[in-house]
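Visitor: my questions are about this predicted structure, shown below with the sequence.
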Amino acid sequence: MERTANERVSQMKVGILAGGYGTRLAEETEVRPKPMVEIGGMPILWHIMMHYYQYGHRDFAIALGYKGDYIKRWFADFCSLGGNLRIETGNGKVSKTHNGERPDWVVDLIDTGPKTLTGGRIKRLSDYFGKETFLLTWGDGLSNVDLDALIRFHKAHGRLATVTAVRPPARYGNIETDGDQVTRFTEKSQLHEGWINGAFFVLEPGIMDYISGDDVMFEHAPLESLAADGQLMVYRHESFWQCMDTLREKHLLEELWQNGAPWKSW
């Protein structure tokens with residue numbers, strides 16, 4: 001993805017919430033946290049990070065909770081086992097002969113407590129973000145949102161928070177009938193739906209003042225208060241977005257990956 005000098009934005013730190021239980025995806029999350037459920041052989045978390053990385057953002061803080069050790073082990077293996085290895089059995093020496101093509105990330109894996117809610121997890125990352133504008137998303141949603149345009153929008157309005165709004169994915173077909181006879185069957189259009197929170201936030205450090213502690217859902221009081229204070233703006237994203245809350249949605253993303261992966265920006 002080539003961008004001109006005028007289109008590029010400065011690198012920002014990225015927070016990803018990856019500590020929830022994922023109970024609606026229990027078939028997968030009994031053994032791993034939801035961000036580690038694989039799409040195309042790689043965790044959905046990797047797909048999310050690759051999208052940010054494509055836009056030049058390489059500095060990540062991942063808020064851990066449920067099965068956080070699983071995520072730590074994955075990143076340790078990703079770093080140490082990537083590429084080719086040479087093993088000398090006589091002396092037990094193991095060395096890398098080629099690092100392979102790995103992204104140049106800096107990843108802080110932060111334990112934020114197994115029962116901490118989304119607002120509390122963000123608050124616990126506050127020292128990491130410091131006094132800088134930062135990016136934030138959930139660890140279970142994929143999108144091709146233009147991060148440069150999103151950040152420019154945020155900088156232009158000067159408020160504390162920007163949320164990316166998306167159309168909810170169509171879940172059911174639309175049936176028109178005449179009595180008991182179906183006269184028309186069409187896939188339900190997303191354009192007829194309202195807007196929902198698609199995450200992919202741009203936030204100022206001042207939002208931390210709206211979060212009182214671990215038992216706060218960011219989607220409730222903090223965002224409601226930011227909106228009431230005129231400090232929350234919306235960036236409307238009309239293109240691809242899909243969360244992975246259920247096994248059906250996991251299978252959908254897997255199918256999309258096999259057929260071009262509309263979120264794949266790298």
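Guide: Noted; the coordinates are in hand. Numbering: from 1, shown residues only.
Visitor: can we go C-alpha only for contacts and neighbour counts from here?
Guide: Noted.
Visitor: what sits opposite Lys13 in the beta ladder?
Guide: Listed by DSSP bridges, the beta-bridge partners for Lys13 are Asp59, Phe134.
Visitor: wait, it touches Arg58, no?
Guide: Yes - the pair Lys13 and Arg58 passes the contact test of C-alpha atoms under 8 Å, sitting 7.4 Å apart.
Visitor: bridging residues for the closest residue to Val37 other than its chain neighbours?
Guide: Leaving aside its sequence neighbours, Val37 sits nearest to Pro43 (C-alpha to C-alpha, 6 or more residues apart in numbering; 5.2 Å). Beta-bridge partners for Pro43, by DSSP bridges, are Glu38.
Visitor: list the contacts of Pro43.
Guide: Pro35, Met36, Val37 (C-alpha atoms under 8 Å, 6 or more residues apart in numbering).
Visitor: dump those residues to a markdown table, plus pLDDT and distance to Thr133.
Guide: Listed next are the contacts of Pro43 as a markdown table, based on pLDDT from 0 to 100; distance: C-alpha to C-alpha, whole Å:
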| residue | pLDDT | distance to Thr133 |
| --- | --- | --- |
| Pro35 | 96 | 24 |
| Met36 | 96 | 27 |
| Val37 | 95 | 29 |
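Visitor: let me have these in a markdown table, extended by neighbour count.
Guide: Listed next are the contacts of Pro43 as a markdown table, based on neighbours: other C-alpha atoms under 10 Å:
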| residue | neighbour count |
| --- | --- |
| Pro35 | 25 |
| Met36 | 22 |
| Val37 | 20 |
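Visitor: make a markdown table out of the residues you listed and add distance to Glu27.
Guide: Shown next, in a markdown table, are the contacts of Pro43 (distance: C-alpha to C-alpha, whole Å):
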| residue | distance to Glu27 |
| --- | --- |
| Pro35 | 14 |
| Met36 | 13 |
| Val37 | 10 |
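Visitor: low-confidence bits of the stretch 101-250 of the chain, can you list those?
Guide: Filtered on pLDDT under 70, the stretch 101-250 of the chain yields the residue ranges 170-178, 180-193.
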